[in-house]
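A.B. asks: Just need the structure, nothing else, for what follows:
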Amino acid sequence: MNVEDFDFSLPEELIAQTPLEKRDASRLMVLDPEENALHHGAFHSILDYLDEGDCLVLNDTRVLPARLFGEKETGGQVEVLLLKQENTDEWETLVKPAKRVKPGTVLYFGENKLKAECTDVLEHGGRMLRFSYEGVFLEILEELGEMPLPPYIKEKLQDQERYQTVYAKQDGSAAAPTAGLHFTESLLHKAKEKGVHVTTITLHVGLGTFRPVSADKVEDHHMHAEFYQISEGTAMLLNETKTNGNKIVAVGTTSVRTLETAAQNKDGFQKESGWTDIFIYPGYVFQGIDAMLTNFHLPKSTLVMLVSAMAGRNFLLSAYEEAIRERYRFFSFGDAMLIMKGSRHKWQQ
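C.D. replies: Coordinates of the predicted model:
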């Protein structure tokens, strides 16, 4: 399968630069791949597509303010992006400019509130940094760091909490699980009132999820591993949902990857944690989820491939063409898409 098969032309002005004033005011495109039918709606009406006993699965990871600006001992300016914590105070990072940051180089942040020494140069060009400080690292990071917005967002984010979901809890991500940004506490409360179960998993999003696919063939691309965990309570609820014949609705591709990892060759869900590098693309047979909520993704990305696995590549790309014609907003702060078989009858009611 060729990577070029997942390309499409997107007008730059459709890339959302800022979040809407109200989280649930975004648009919602609903896809029914069973009938190759789609419907345009509003996100706050998403509960119309969920039944009592269905289960919404949210990723409760919290984005670290992981972009730091500092300087070397020589006074040269540096930018550091934290990617993954390896040990207590040692992190895999990206450094710009990286050329002169070698093992032994010391970096300073926030008038020396935070110091880092380069301990290794990694194969992909990243740097291992060992941090030293007084106090609590996360508190210092909250004070000195900035939210690591994707490179296609050029506007400065006025409220950093808008790049967090309202249910974000577990610190550890380098990027937000953006499908969840549309939910408000009120909407989640209404879901529970309707009898829809709401539960959480955790997958700490690494930038590897979003890195460009450099291979020509889809099958030759390899995903970076990301940490996930599923609690006993969530596992029990998911199994109960399946047993009762209701739908498991994954909110975001990160929830999809977590649930599909957990469902691989197993008899039901269970409490577990670990690292997943699962790569989902057309031909994949879903074992864990029944429906997916997601945003509109970059051309030729692994995310478009994942969504195509559920919707079908041709149908998904035709839906994207429709979204472009209808001026949907794309990417992290953009609009949403719900993919659910048998949903057509719901919008015809």
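
A.B. asks: Could you say which helix or strand holds Val30?
C.D. replies: Assigning secondary structure by DSSP states H and E places Val30 in strand 27-32.

A.B. asks: Tell me the strands beside that strand, with direction?
C.D. replies: Using DSSP bridges, strand 27-32 pairs in its sheet with strand 37-42 (antiparallel), strand 336-340 (parallel).

A.B. asks: what's the closest of the ones you listed to Gly195?
C.D. replies: strand 336-340 (17.4 Å; Cβ to Cβ). For every residue, glycine as well, the C-beta is placed using N, CA and C.

A.B. asks: what about that closest one, distance to the chain center?
C.D. replies: The chain centre lies 15 Å from the centre of strand 336-340; the measure is Cα atoms, centre = their mean, to the nearest Å.

A.B. asks: could I have it exported to CSV, CA atoms only?
C.D. replies: In CSV, the C-alpha atoms belonging to strand 336-340 read as follows (Å, rounded to 0.1, in the frame of the first residue of the first chain):
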residue,chain,number,x,y,z
ALA,A,336,-14.7,16.6,14.7
MET,A,337,-15.7,13.5,12.9
LEU,A,338,-17.7,10.5,14.3
ILE,A,339,-17.4,7.2,12.6
MET,A,340,-20.1,4.8,13.6
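
A.B. asks: In the next helix or strand after it, which residues are buried?
C.D. replies: On the C-terminal side of strand 336-340, the nearest following helix or strand under DSSP H and E is helix 344-347. Buried residues in helix 344-347, counted by 16 or more other Cβ atoms under 10 Å: Arg344, Trp347.

A.B. asks: Tabulate the CA atom coordinates of helix 344-347 in PDB.
C.D. replies: This file holds the C-alpha atoms of helix 344-347, laid out as PDB (Å, rounded to 0.1, in the frame of the first residue of the first chain):
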ATOM      1  CA  ARG A 344     -27.500   6.900   9.500                       C
ATOM      2  CA  HIS A 345     -30.900   6.000  10.900                       C
ATOM      3  CA  LYS A 346     -30.200   8.300  13.900                       C
ATOM      4  CA  TRP A 347     -29.800  11.500  11.800                       C
END
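
A.B. asks: Including distance to Val3 and mean neighbour count, could the strands paired with strand 27-32 go into JSON lines?
C.D. replies: Shown next, in JSON lines, are these (distance: least, Cβ to Cβ, whole Å; neighbours: other Cβ atoms under 10 Å):
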{"stretch": "strand 37-42", "distance to Val3": "25", "mean neighbour count": "16"}
{"stretch": "strand 336-340", "distance to Val3": "21", "mean neighbour count": "25"}
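
A.B. asks: how about those, which one is nearest Lys113?
C.D. replies: Distance to Lys113, taken as Cβ to Cβ, is lowest for strand 336-340 among these, at 39.1 Å.

A.B. asks: circling back: and Gly135, which of the strands paired with strand 27-32 is closest to it?
C.D. replies: When the strands paired with strand 27-32 are compared (using Cβ to Cβ), the closest one is strand 336-340, at 39.2 Å.
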